[in-house]
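> can you look at this prediction? I've put the sequence above it.
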Amino acid sequence: MTESSKDRVYERFQLIVNGPALFNAIVAGLELNVFEYLREHPDAGFEDLERFTALRPHSLRVLLLGLTATELVSKQDGRYRNSAFADDALAADRPHSWRETLIGWRRFQYPAFPRATEALREGRNVALEAYDGPGETLYARLAHDPALVAAYHDSIAPFTHLFVAGLLDHPELSTVGHLLDVGGGDGTTAISFARRFPGARVTIFDMPAVAERAELVVPEDLAARIRLHPGDLFRDEFPGDVDAVLFSHVLEPFDEQRSVGLLSKAVRALPPGGRIFAYGMTAPDDEDGGLLAARLSLYLNVLVAVGGLAHPVADYERWLSEAGATTVKAYPGLPYEHGLVVGTVG
């Protein structure tokens, strides 16, 4: 190993092991609206921030030390300002803002990670025990509490805004007439699809509790083109009268057997020439990297469901063929470690 690679690994190590503390400093900054304030008042002084946050001086010093260490905030001549990234990505009024996502990670994801060793040893999502109710997945247990359903989907919607462009920019989506959005959640992807393609329709298939949430979120001007179809992902057949089925971030939580079963149902719901779009976060085919893919895979296995993984594109290709797709095309290397695999039904 060269000295430069040693330095890189060491710097990466330091960032990771100090990350939990700095992550929470960022969330504190979000909850105290520090990034919002600095966007509106660049080059604010310490006293300005003290008055705005109502924090004691010592507490504010600690917070600002943490935020400047992340480089999201800079300090020069005693004055503070956001980085360009913080101005854009942490502001509350941006649909792609990381604000609710990071607050949601702290609430739903990061309390589970300390049980990673236990989950890996036992091969089960042991952190699910923190949520009452029946069901073997996080989604099933959240479904019994509408407030938790709303909070969870509020936390993932901004991330969906970030990821959806890589899907909708693909030319094959532009020729879809009626899309079945399996596990479509609160409708974030369906809404983006309907706005991008005004001649298309969308049916969202998800659990009844989630469909109720989507009914509240879908805008009135799109209600005629976005239909809700509540159902059980594994027990119910998918509705027909569609020419394409989308699995966007739906297959990652599940193992091969369940994933092939879902893809096979999609094949049965489609006419000849219909297409299946499998889109999600993907590990490299040799599974040797990817920060987002690694974090997601740990989270899935500790909390969400048994067998989850940011599956490599090669897995989706094989599964679509096993499910009955006659033609399979893969599009790896999309933004945010995403990949798209398209299967056509013969």
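Alright, I've got the coordinates. Numbers count the residues shown, from 1 in each chain.

> longest helix of the protein?
If you go by DSSP state H, the chain has its longest helix at helix 146-168.

> CA atoms only: put that helix into CSV for me.
Taking C-alpha atoms only, helix 146-168 is exported to CSV below (Å, rounded to 0.1, in the frame of the first residue of the first chain):
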residue,chain,number,x,y,z
PRO,A,146,-50.8,6.2,10.6
ALA,A,147,-48.6,8.8,12.4
LEU,A,148,-45.6,6.5,11.9
VAL,A,149,-46.5,5.9,8.3
ALA,A,150,-46.6,9.6,7.6
ALA,A,151,-43.3,10.3,9.4
TYR,A,152,-41.5,7.5,7.6
HIS,A,153,-42.7,8.6,4.2
ASP,A,154,-42.0,12.2,4.9
SER,A,155,-38.4,11.1,5.6
ILE,A,156,-38.0,9.2,2.4
ALA,A,157,-39.8,11.5,0.0
PRO,A,158,-36.9,14.0,-0.4
PHE,A,159,-34.5,11.1,-1.2
THR,A,160,-37.0,9.9,-3.8
HIS,A,161,-36.9,13.4,-5.4
LEU,A,162,-33.1,13.0,-5.6
PHE,A,163,-33.3,9.6,-7.2
VAL,A,164,-36.3,9.9,-9.5
ALA,A,165,-34.6,11.9,-12.2
GLY,A,166,-32.3,9.0,-13.0
LEU,A,167,-35.4,6.9,-13.7
LEU,A,168,-37.5,9.4,-15.5
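
> what's that helix packed up against?
Packed against helix 146-168, as judged by 3 or more CB pairs under 8 Å, 6 or more residues apart in numbering; DSSP states H and E, are the following elements: helix 99-104, helix 138-142, helix 188-196, helix 208-217, strand 244-248, strand 275-281, strand 338-345. Bear in mind the C-beta positions are built from the backbone N, C-alpha and C, glycine included.

> where do the helices sit along the stretch 201-346 of the chain?
Along the stretch 201-346 of the chain, counting by DSSP state H, counting those that start in this stretch, helices occupy 208-217, 256-269, 291-299, 313-323.

> compare the ones you listed and say which comes out lowest on pLDDT.
Here the helices of the stretch 201-346 of the chain differ in mean pLDDT, and the lowest is helix 208-217 at a mean of 92.

> what does that one contact?
139, 142-144, 146, 149-150, 153, 184-188, 190-191, 204, 206, 228-231 (CB atoms under 8 Å, 6 or more residues apart in numbering).

> can you find the helix or strand of this structure with the lowest average pLDDT?
The weakest-scoring helix or strand in the chain, judged by mean pLDDT, DSSP states H and E, is helix 3-17 (a mean of 86).

> for that helix, what is the distance to the chain centroid?
Offset of helix 3-17 from its chain centre (CA atoms, centre = their mean, to the nearest Å): 27 Å.

> before we move on, what about stretch 136-144?
Worked out by CA atoms, centre = their mean, stretch 136-144 lies 17 Å from the chain centre.

> equivalent analysis for stretch 233-249, please.
Distance of stretch 233-249 from the chain centroid (CA atoms, centre = their mean) equals 20 Å.
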